[in-house]
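1. 3D model of this:
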Amino acid sequence: MNRRAPKRRARADWLLAYTFRRNAAGFHEVAEAALDRHPEVARYFLAIAIELGLKAYLLHRGVRDDWNRIHIRHDLIKALKCARRAGFNGAPAGLPALAALLSPYYEVHAISAMAPDAIASLSWREACDTVRDLITAVGAVVDGEAPGCASCLMDMEGE
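-> This next block holds a predicted model:
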């Protein structure tokens, strides 16, 4: 099996990658805030943050958003596998287990149907830390390499 990262395409969508990473951070913040009072919402937002973070990396590597939407959809396991094949080596140690736990429910929009033993199988505080580490790792790549990064990103923040 060939595990080399594909060459970055000239048409990588850095601005969309940055936006996905920023949105992932937003969903993560809300998940952390909601964890104690609304744990189901927190789990759902953590899944969204994982998806957006991994897709941000893929966009940065030149994978088109349409391809992500058609082939990965909401499959967190597939998104992690594709990001690794594209060269992402910054995934936190707990991410594969978290993705494996959330993905079957998230793919079919059924986070509320998670079995109690699945919910109890891990610390959701640690899950929040894992997702934060993912977003930080993706941000280190995506935020720093966008062409014209400083000016275009500051313009976006001001809107």
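
2. in contact with the residue nearest to the spatial centre of the chain, which residues?
-> By Cα atoms, centre = their mean, the chain has its centre lying nearest to Gly53, at 2.4 Å. Applying Cβ atoms under 8 Å, 6 or more residues apart in numbering to Gly53 gives the contacts 20-21, 24, 131, 134-135, 138. C-beta: built from backbone N, CA, C; applies to glycine.

3. mind redoing it with 6 Å?
-> 24, 134-135, 138 (Cβ atoms under 6 Å, 6 or more residues apart in numbering).

4. surely Val32 touches Ala127?
-> For residue 32 the amino acid is Glu, not Val. No: using Cβ atoms under 6 Å as the test, Glu32 is too far from Ala127 to be in contact (10.0 Å).

5. neighbour count winner among these two?
-> Comparing Glu32 with Ala127 by other Cβ atoms under 10 Å, the one with more neighbours is Ala127, at 23 against 20.

6. now the more buried one. Nearest residue, chain neighbours left out?
-> Spatial nearest neighbour of Ala127, excluding adjacent residues (Cβ to Cβ, 6 or more residues apart in numbering): Leu98 at 5.4 Å.

7. count of neighbours near the one you found?
-> Neighbours of Leu98 (other Cβ under 10 Å): 23.

8. return the host helix or strand of it as PDB; C-alpha atoms alone will do.
-> In this assignment (DSSP states H and E), Leu98 forms part of helix 95-106. Output in PDB follows, covering the C-alpha atoms of helix 95-106 (Å, rounded to 0.1, in the frame of the first residue of the first chain):
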ATOM      1  CA  LEU A  95      -8.600  10.700  17.900                       C
ATOM      2  CA  PRO A  96      -8.900   7.300  16.200                       C
ATOM      3  CA  ALA A  97     -10.900   5.900  19.200                       C
ATOM      4  CA  LEU A  98     -13.000   9.000  19.500                       C
ATOM      5  CA  ALA A  99     -13.800   9.000  15.700                       C
ATOM      6  CA  ALA A 100     -14.600   5.300  15.900                       C
ATOM      7  CA  LEU A 101     -17.000   5.900  18.700                       C
ATOM      8  CA  LEU A 102     -18.800   8.900  17.200                       C
ATOM      9  CA  SER A 103     -18.800   8.100  13.500                       C
ATOM     10  CA  PRO A 104     -21.500   5.400  13.300                       C
ATOM     11  CA  TYR A 105     -24.000   7.700  15.100                       C
ATOM     12  CA  TYR A 106     -22.800  10.900  13.500                       C
END
